[in-house]
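Asker: below are the sequence and a predicted model for it; my questions follow.
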Amino acid sequence: MLPSITEQQLSHKLARAILAGFESMFAEFLNITLGAQSRFERAAWQEVQDAMRQRLQIYENKVELVCDAVKVIAYQELDHSDVWQRAKNDYAQLVADHENALIAQTFFNSIYGTLLVQQKIRDVHRFILQEKFRPAPKSTDNILYRFTESEGVIDGIRQVLNVFPLRIPFENLERDLKAAHSVLEKINPVLLTKQSYVVEFGRSLFFRNKAAYIVGQLMDSMSGERLPFAIALLNRKNSQGNICLYLDAFIIGEEQLSKLFGFARSYFMVDTDQPVRYVDYLCSLLPNKERFELFNAIGFIKHAKTEFYRFKVDYTKRMPRTTQYVSAPGVKGMVMLVFTTPDSDYVYKVIRDRFRPPKTSNRQEVMDKYDFVKQADRVGRLVDTHEFNYLAFDRQRFSDELLEEMTSEVADSITLSGNALILKHVYVERKVQPLNLYIKDASESALKAVIDDYGRTIKQLAAANIFPGDMLIKNFGVTRWGRVVFYDYDEICPLTDCHFRALPKPENEIDALAEQPWFDIGEDDVFPEQFPIFFAGHSQAKQHFDRLHHDLYGVDFWEQTQKAIKSGILIDVYSYKEEWQLSNFYN
């Protein structure tokens, strides 16, 4: 029997309303992004931080508004399955030739999932896995420039820099290009001998924090070799007080570019209305990065979740039947239950039903901490998270030990349905090696380097107005590039909320021998003199830390950092080697 005209009209109205909401969301997202160049040129760094937080709120705010509209339009048919199935098909037709159909489909998923939360696992009503709804990749030619004639790499860089219409002049471009030549002489002198490179790069600048990046690749027209690169531009005031540009680094190679798009970095602002094409291009430059990581890197974090789900399904299909989910390596957390597979690059974190002492926070407070991290400037030191509701797994792939732990420790967060284990709420993070495990087998030189970076991590987070709270080394990890990051967020907070104090001196022998503090301790009080306890059982690591970062044991460091933050000073942390900075090669 044919559907009634009322249902046909209703489904089409729903599709149109959701598409209108998507277009409105995308316009607001783009408007904030388009302001990135002006903020960079004016060195308006506080505005940069504010804009990033505002942009992160747009999607959820728009979903809420569209859901309200859809409730009115659908009225009594809101939960009718047939209406939503037709609305999905109507929507698919509306966005079939849309430039950003993939992201528009995710917006439809968000509306449906928010309104009918109990039906979120019914993929028939969402754009998730069906191949027929995935548009064919579009050419990236219209987002790229190519220079086929240049007198070597340095001349190619000069041509690239002349393309972008920035309002501020270079401080001394010839000095910077000469320094770039010196860098290449040190790290890749062969590049300087070749004259056959085609220079290809994106038409849009990538803005993040205080930097602007040009991203592309060098292509050897003779051998076919491709070498990804990024040019980092910064600005500062010259001796006359005018803001001027300077070339800070020429980053070459897939490894270095991968770090630029790392999972512990803040999101880029890329002034383009063709983000899908940019991700396609970035995938060609960084074949070891997943698509969801690159959508995430340019700020499309909701669509990144859709891409991750597809990645997870494909990964599960490829897994040998003997591969099981097990508890993640490291010390078990008192707040989170964490699991993974041995060969996976990701871990799943589920909030426990009850927290083990001395933890006193609740579920909502923990979720608020993770939201705080999402909106913070992570300065390359906080692992990014993807938050999911109703994420389904194959129950048979869980080890007996893990399944028993989950049913006793996170029962409120799971639903068992046939062969499916459904997590009502879970965070997904990149897997890193826990620092306490890393240092067990580290050589003396590796131990010194990682402990130095551990101290740098704490200092850089502090300068970004972030205090980890629990600084036990088990809560830090080491990436595949040897960089220390923090990943345990249940006690994280703004540094300016903390009250750093020196330990009071005992007034008598009874005070000195007391098991409990004899003085009052406020909720926000922090005593840096107690930090050495974090190295319990790691005396060699403590010796390195004492020598390299002893200032963290004193109140002065923390109070001075708080003062700098309150005065508006923002830390400079860049995702490339310090020794690659061109200023090291100025004459």
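Answerer: Okay, I see it.

Asker: could you chop the protein up by domain?
Answerer: Residue ranges for the domains of the chain, per automatic domain parsing: 5-133, 141-299+578-585, 317-432, 434-566.

Asker: what's the burial count for Glu293?
Answerer: Glu293 has 24 neighbouring residues, counting by other C-beta atoms under 10 Å. All C-beta atoms are positioned from the backbone trio N, CA, C, and that covers glycine.

Asker: quick one: Asp452 from Asp546, how far?
Answerer: 12 Å (C-beta to C-beta, to the nearest Å).

Asker: and Glu523, what helix or strand is that in?
Answerer: Assigned by DSSP states H and E, Glu523 falls within no helix or strand.

Asker: do you know how far it is from Gln76?
Answerer: Counting by C-beta to C-beta - Glu523 and Gln76 are separated by 50 Å.

Asker: quick one: the strands in the stretch 201-350 of the chain?
Answerer: 206-208, 211-220, 226-237, 243-252, 269-270, 326-327, 336-340, 346-351 (DSSP state E, counting those that start in this stretch).

Asker: who does the fourth one touch, helix- and strand-wise?
Answerer: Judged by 3 or more C-beta pairs under 8 Å, 6 or more residues apart in numbering; DSSP states H and E, the packing partners of strand 243-252 are helix 153-161, helix 173-187, strand 226-237.

Asker: quick one, which of these is nearest to Ala44?
Answerer: Among the helices and strands packed on strand 243-252, strand 226-237 comes nearest to Ala44, with 11.0 Å by C-beta to C-beta.

Asker: CA atoms only: put the closest one into PDB for me.
Answerer: Provided in PDB are the C-alpha atoms of strand 226-237 (Å, rounded to 0.1, in the frame of the first residue of the first chain):
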ATOM      1  CA  ARG A 226      56.700  13.100  -3.200                       C
ATOM      2  CA  LEU A 227      57.700  14.900  -0.100                       C
ATOM      3  CA  PRO A 228      55.100  16.500   2.200                       C
ATOM      4  CA  PHE A 229      55.900  19.900   3.700                       C
ATOM      5  CA  ALA A 230      54.500  22.700   5.700                       C
ATOM      6  CA  ILE A 231      55.700  26.300   6.000                       C
ATOM      7  CA  ALA A 232      55.200  27.900   9.500                       C
ATOM      8  CA  LEU A 233      54.500  31.600   9.600                       C
ATOM      9  CA  LEU A 234      54.500  33.700  12.700                       C
ATOM     10  CA  ASN A 235      54.400  37.400  13.400                       C
ATOM     11  CA  ARG A 236      55.800  39.900  15.900                       C
ATOM     12  CA  LYS A 237      56.400  43.600  16.400                       C
END
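
Asker: tell me the buried residues in it?
Answerer: Leu227, Pro228, Phe229, Ala230, Ile231, Ala232, Leu233, Leu234, Asn235 (16 or more other C-beta atoms under 10 Å).

Asker: pLDDT check: weakest of the residues you listed?
Answerer: Of all the buried residues of strand 226-237, Leu227 carries the smallest pLDDT score, 90.

Asker: residues in contact with Ala442?
Answerer: Counting by C-beta atoms under 8 Å, 6 or more residues apart in numbering, Ala442 touches Val450.

Asker: could you rerun that using 10 Å?
Answerer: Going by C-beta atoms under 10 Å, 6 or more residues apart in numbering, Ala442 touches Leu435, Lys448, Ala449, Val450, Ile451, Val478, Gln540, Ala541.

Asker: let me have these in a markdown table, extended by secondary structure.
Answerer: A markdown table is the format used below for those (DSSP: H, G, I helix; E, B strand; the rest coil):
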| residue | secondary structure |
| --- | --- |
| Leu435 | helix |
| Lys448 | helix |
| Ala449 | helix |
| Val450 | helix |
| Ile451 | helix |
| Val478 | strand |
| Gln540 | helix |
| Ala541 | helix |
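
Asker: got CSV for the helices and strands packed on strand 243-252, with distance to Met52 too?
Answerer: Converted to CSV, the helices and strands packed on strand 243-252 look like this (distance: least, C-beta to C-beta, whole Å):
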stretch, distance to Met52
helix 153-161, 26
helix 173-187, 28
strand 226-237, 18
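
Asker: those: which one's closest to Phe40?
Answerer: Using C-beta to C-beta, the helices and strands packed on strand 243-252 put strand 226-237 closest to Phe40, at 7.0 Å.

Asker: strands paired with the closest one, and their directions?
Answerer: According to DSSP bridges, strand 226-237 forms sheet pairs with strand 211-220 (antiparallel), strand 243-252 (antiparallel).

Asker: tell me what angle the last one forms with helix 173-187.
Answerer: So the one you mean is strand 243-252. 20 degrees (axes from the mean of the first three to the mean of the last three C-alpha atoms, to 10 degrees).

Asker: restrict strand 243-252 to CA atoms and write it as PDB.
Answerer: Only the C-alpha atoms of strand 243-252 are listed here, as PDB (Å, rounded to 0.1, in the frame of the first residue of the first chain):
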ATOM      1  CA  ILE A 243      53.500  43.700  13.300                       C
ATOM      2  CA  CYS A 244      55.500  41.800  10.700                       C
ATOM      3  CA  LEU A 245      55.600  38.300   9.400                       C
ATOM      4  CA  TYR A 246      58.500  35.900   9.600                       C
ATOM      5  CA  LEU A 247      59.100  32.400   8.400                       C
ATOM      6  CA  ASP A 248      59.700  30.300  11.500                       C
ATOM      7  CA  ALA A 249      60.200  26.800  10.100                       C
ATOM      8  CA  PHE A 250      60.200  24.700   6.900                       C
ATOM      9  CA  ILE A 251      58.800  21.400   7.900                       C
ATOM     10  CA  ILE A 252      59.500  18.500   5.500                       C
END
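
Asker: what residues of that strand count as buried?
Answerer: Ile243, Cys244, Leu245, Tyr246, Leu247, Asp248, Ala249, Phe250, Ile251, Ile252.

Asker: cheers, nothing more for now.
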